[in-house]
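Student: I would like the atomic coordinates for the input below:
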Amino acid sequence: MQLAAERADAMMRKTLDGVAPKLRWIHGPSNDRICTDSKNDSLGSGSVRRRVAVTTVVSEERRGSLLGVVERNWKARGFRITSVDADKELPAIYALSPDGYRMSVAVGGEGQFFFSITTPCFTESAVPDPAVEPNTPQRAGDYPPRPDVHDDFWSSNAPLPTSSSSAS
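Tutor: Okay, the predicted model is just below:
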């Protein structure tokens, strides 16, 4: 499970690194669970779940763009999109990597973005904390913290340009 957790961290980092301009983010709660058979007996294996909360404010006008960037990133890396929730207020995309890792990006309350990755079942072992350092200091208090980092692009209320503009 340790190697699976490390791979999940790397996959999450690659997803976040595929977004430009960069998003500010922190780790969410990480957990692991025992994998069981149909009788709920332990198989001697477990899976790990990692989460990230985006602290960058993403305006309503930019949410679709961010979801599109993530979807294209995953497809380019060979992930299969397994489901899309096209809800106007709380959209989400779910994907499966070629090696069985399940990923999601979802918009929550106040338009906050959340990323999650769950590993397939691997032999039970100790699971380390995420190795990747967030690019925003962890915050005390309840999770998730409200998005409060302004970005000139992601937080902009202006719609994306549809074509190159000409001088007038």
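Student: if I've got this straight, Trp74 is in a helix?
Tutor: Yes: checked against DSSP: H, G, I helix; E, B strand; the rest coil, Trp74 lies within a helix.
Student: OK, contacts around it?
Tutor: Thr15, Ile81, Ile93, Ala95, Met103 (C-beta atoms under 8 Å, 6 or more residues apart in numbering). Where C-beta positions appear, they are placed from N, C-alpha and C, glycine not excepted.
Student: Is the second one in contact with Glu71, as I believe?
Tutor: Yes: proximity of Ile81 to Glu71 meets the contact threshold set by C-beta atoms under 8 Å, at 6.4 Å.
Student: ok, the contacts of Trp74 vs Gly44, which is closest?
Tutor: Met103 (25.3 Å; C-beta to C-beta).
Student: can you redo the contacts of Trp74 as CSV with neighbour count and secondary structure?
Tutor: Putting the contacts of Trp74 into CSV (neighbours: other C-beta atoms under 10 Å; DSSP: H, G, I helix; E, B strand; the rest coil) gives the following:
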residue, neighbour count, secondary structure
Thr15, 21, helix
Ile81, 13, strand
Ile93, 21, strand
Ala95, 23, strand
Met103, 23, strand
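Student: May I see those organised as a markdown table, with pLDDT added?
Tutor: As requested, the contacts of Trp74 are exported to a markdown table (pLDDT from 0 to 100):
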| residue | pLDDT |
| --- | --- |
| Thr15 | 97 |
| Ile81 | 98 |
| Ile93 | 98 |
| Ala95 | 98 |
| Met103 | 98 |
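Student: helices or strands up against the longest strand seen in the chain?
Tutor: As assigned by DSSP state E, the longest strand anywhere in the chain is strand 42-54. Contact here means 3 or more C-beta pairs under 8 Å, 6 or more residues apart in numbering; DSSP states H and E; on that basis strand 42-54 packs against helix 2-17, strand 25-27, strand 31-36, strand 113-118, strand 122-123.
Student: Taking strand 42-54 as reference, get the angle to the fourth one.
Tutor: Think strand 113-118. Strand 113-118 runs at 160 degrees relative to strand 42-54, counting by axes from the mean of the first three to the mean of the last three C-alpha atoms, to 10 degrees.
Student: Repeat that for the first one.
Tutor: Taking the same axes, to 10 degrees, helix 2-17 and strand 42-54 form an angle of 20 degrees between their directions.
Student: ok, the residue nearest the centre of the chain - contacts?
Tutor: Taking C-alpha atoms, centre = their mean, the centroid of the chain lies closest to Phe115, which sits 1.8 Å from it. Listed by C-beta under 8 Å, 6+ apart, the contact partners of Phe115 are Met12, Thr15, Leu16, Trp25, Arg51, Val52, Val54, Met103, Ser104, Val105.
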